[in-house]
Every structure is written in C-alpha cells, then in structure tokens.
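In: Structure, please.
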Amino acid sequence: MDKEELLSENLELKKENKKLRRIIEEQKLKEEQIQLKQENQELKEIIKNENISYNKIKANTPFPNHKERESAEVISLLNRSEKRIRVLESLEEESKIPSQISKDIDDSSYNISKYLKTLKEYGLVVCLNENDKRYRYYKITDKGKNYLDIIKNQ
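Out: Numbering: from 1, shown residues only. Now for the predicted structure:
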C-alpha cells in the first residue's frame, strides 16, 4: 500500500468514526430526554399530590434555629413521598440491597435508587459497602428511625 492509499483509507475511517460517534451521541441524548421526561412526570405528580407547596412552607415559616429548619425539611421530604417512607420501613428490620427493597414496596429499581440517593443525602440511610458496584447494602440510620417514628405518629 502506498502513502495515498493509506491516507485515503485513514480519511474513510475517520469519517466512519465521526458518523458512529454522532449516532452514539444522538442515542445518549434520546436516553437522557426519556429520563428527563419521566422525572418531570414524577415531579408533576408529586406537586399535584401536595396540599401545600414545600417552597411556601420554607419561605413563610420562621425557624428559630438550623435544627428546626432541617427537621421541617426532612419531615416535608418524607410527607411528599409515601414511597420514601416505605423504603425506610423496609429497612427497619435489616439491611437490604435495592432489589430487595424494590420487591418489598413494589416499585422499580430505578425509582428505589433515586429514593435511596435522596434519603442518603439527608442522612436517613447509609450504604454499608459504598465501594461495591453491585449488591450495595443499605441500612436505616438512627436519624432515619427517629424521623420514621415522627411520621408514623403524626
């Protein structure tokens, strides 16, 4: 093969590579769009089911200290989603992986992962083996148990 043939072949390969990258990028965008639409639908459902918007509570309620504000935020978070409460209830007795929780509360693994992420951000659950990619065990924290008791006794 001479130099011109190699250059020509390289040019063709680069064109094909560019085309394939564009296809992959379009597919990623479509997947992201589907996910965003699903999340938007879930958020609309949450808003529809709320009697009082969270922002109104946060903006109009005076809190003397940070702890009270945090407490109100956590209670509001849990009251906005029965599923989050059910995730905490599922973890009351033992640590579990998301697929077990999914079966317990009859919801998708995708949604369970979102619930766990949020609950973890608020310190209500903890992942016991964060470095594992599969079979991550989650446990309810003492803080999570306290807030679950508060919600149950409302």
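In: report the longest helix in this structure, please.
Out: helix 3-49 (DSSP state H).
In: Remind me what that helix packs against, helices and strands.
Out: The contact analysis (3 or more CB pairs under 8 Å, 6 or more residues apart in numbering; DSSP states H and E) places helix 3-49 against no helix or strand. Quick note: C-beta positions are derived from backbone N, CA and C, even for glycine.
In: just how off-centre is it within its chain?
Out: On the basis of CA atoms, centre = their mean, to the nearest Å, helix 3-49 sits 22 Å off its chain's mean C-alpha point.
In: And this protein, what are its domain boundaries?
Out: 1-49, 67-152 (automatic domain parsing).
In: Name the stretch among those that sits most buried.
Out: domain 67-152 (a mean of 16; mean count of other CB atoms under 10 Å).
In: start to end distance for stretch 103-114?
Out: Using CA to CA, to the nearest Å, the end-to-end distance of stretch 103-114 comes to 15 Å.
In: What's the mean pLDDT across it?
Out: For stretch 103-114, mean pLDDT rounds to 93.
In: List the contacts of stretch 80-93.
Out: The contact list for stretch 80-93 (CB atoms under 8 Å, 6 or more residues apart in numbering) reads 46, 49-50, 54, 77-78, 96, 100-101, 104-105, 107, 111-112, 115-116, 118-119, 124-125, 138-140, 144-145, 147-148, 151.
In: Quick check: the spatially most central residue of the chain vs E68, distance?
Out: The centroid of the chain falls nearest to K114 when counting by CA atoms, centre = their mean (2.0 Å). Distance, K114 to E68, by CB to CB, to the nearest Å: 27 Å.
In: what does D132 give?
Out: According to CB to CB, D132 and E68 sit 37 Å apart.
In: among the domains of the chain, which gets the worst mean confidence?
Out: domain 1-49 (a mean of 86).
In: for that domain, the distance to its chain's centre please.
Out: Taking CA atoms, centre = their mean, one finds the center of domain 1-49 at 24 Å from the center of the full chain.
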